[in-house]
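# Coordinates only, no sequence provided:
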């Protein structure tokens, strides 16, 4: 599908990856609705983009707020809001309310947003959902935050199971799975590490936004996930 002229909702758009994706979609001609609980950051992103963007303060764990956000009837939905991988304590030391909140933000929220967007997208002739995953959800090794890792693994599997929506709703659901991305905060954290601990260079933001655009515009892709490793080119996981 083409991006120009479409309405795109980007969650977690106040800073970092969400901001970069929102800016890129606006550059491609979309009208972008920015969602975040960070009002200052969201308004800053809106100002950076200009008239093509609007900001809606949204807690993605609040069902009513998510429904209100999706009332704009987008043709493109980028489920980027998430995080909390480095918050301590985590499961099993954390109390249930804490690790449940991580599951709600990183898994339930994109599931709900996708569900609410499906019928409006179908009635508009089709659409595309991009889930932003993480390499934390890949493989079988340990992770500092089991609840975050589990949520991101489930988000990837959710994406692949929704491939039939291409036929039933004319909606494609895809997932981008980046390693450590060179956002402003990510660069600062990377440079603060001792050189021996840095490993491969970070994933450039342009690589991530290029991948998102490809997944939106290539109508042959449905239920596909693209892995963006550090120090290696993107590759399809499915």
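Here it is on my side, so go on. Predicted model, so just to flag it, every value in this text is computed and none were measured.
# Please count neighbours and contacts with C-alpha atoms only from this point.
Noted.
# what's the longest strand seen in the chain packed up against?
Ranked by number of residues, the top strand in the chain under DSSP state E is strand 171-178. Counting by 3 or more C-alpha pairs under 8 Å, 6 or more residues apart in numbering; DSSP states H and E, the packing neighbours recorded for strand 171-178 are helix 109-123, strand 127-132, helix 146-161, helix 165-168, helix 205-217, strand 225-228.
# Quickly compare these and say which is most buried.
By mean neighbour count, with neighbours taken as mean count of other C-alpha atoms under 10 Å, strand 127-132 ranks first of the helices and strands packed on strand 171-178 at a mean of 27.
# How far away from the center of its chain is that strand?
8 Å (C-alpha atoms, centre = their mean, to the nearest Å).
# Could you tell me the angle between that strand and helix 205-217?
150 degrees (axes from the mean of the first three to the mean of the last three C-alpha atoms, to 10 degrees).
# could you say what helices and strands strand 127-132 packs with?
strand 76-79, helix 109-123, helix 146-161, strand 171-178, helix 205-217.
# Determine how far the second one lies from the middle of the whole chain.
Meaning helix 109-123. 15 Å.
# and that helix, average pLDDT?
For helix 109-123, mean pLDDT rounds to 97.
# And the shortest one, by the same measure?
Strand 76-79 comes out with an average pLDDT of 98.
# and if you look at the last one?
For helix 205-217, the mean pLDDT works out to 97.
# Contacts for that helix next, please.
1-3, 17, 20-21, 24-25, 76, 128-130, 174, 176, 178, 181-183, 221, 226, 228 (C-alpha atoms under 8 Å, 6 or more residues apart in numbering).
# in the helix or strand of the chain with the lowest mean pLDDT, what's buried?
The weakest-scoring helix or strand in the chain, judged by mean pLDDT, DSSP states H and E, is helix 184-192 (a mean of 85). Residues of helix 184-192 classed as buried by neighbour count (16 or more other C-alpha atoms under 10 Å): residue 190.
# what's stretch 112-122 in contact with?
63, 66-67, 70, 73-75, 77, 79, 127, 129, 169-171.
# Please tell me how far residue 208 sits from residue 118.
Remark: distance between residue 208 and residue 118 (C-alpha to C-alpha, to the nearest Å) = 24 Å.
# First-to-last residue distance for stretch 74-84?
Stretch 74-84: ends 27 Å apart by C-alpha to C-alpha.
# quick one: buried residues of that stretch?
74-82, 84.
# pLDDT weak spots in the protein?
Along the chain, the parts satisfying pLDDT under 70 run over 238.
# got the contact list for the residue most central in space within it?
Note on the chain: the residue nearest the mean C-alpha position is residue 80, at 2.2 Å, using C-alpha atoms, centre = their mean. Residue 80 makes contact with 10-13, 17-18, 131-133, according to C-alpha under 8 Å, 6+ apart.
# Distance of residue 29 relative to residue 168?
Residue 29 is 27 Å from residue 168, by C-alpha to C-alpha.
# again with residue 225
Residue 225 is 20 Å from residue 168, by C-alpha to C-alpha.
# now residue 134
Taken as C-alpha to C-alpha, the span from residue 134 to residue 168 is 28 Å.
# got it, and residue 140?
33 Å.
# Tell me the secondary structure at residue 94.
Under DSSP: H, G, I helix; E, B strand; the rest coil, residue 94 falls in the coil class.
# Is the closest residue to residue 12 other than its chain neighbours within a helix or a strand, and which one?
Distance criterion C-alpha to C-alpha, 6 or more residues apart in numbering; nearest residue to residue 12, sequence neighbours excluded, is residue 81 at 4.0 Å. Assigned by DSSP states H and E, residue 81 belongs to no helix or strand.
# dump the residue contacts of residue 81.
Counted by C-alpha under 8 Å, 6+ apart, residue 81 has contacts 11-13, 18, 36, 60, 105-106.
# Since that was my last question, I'll sign off now.
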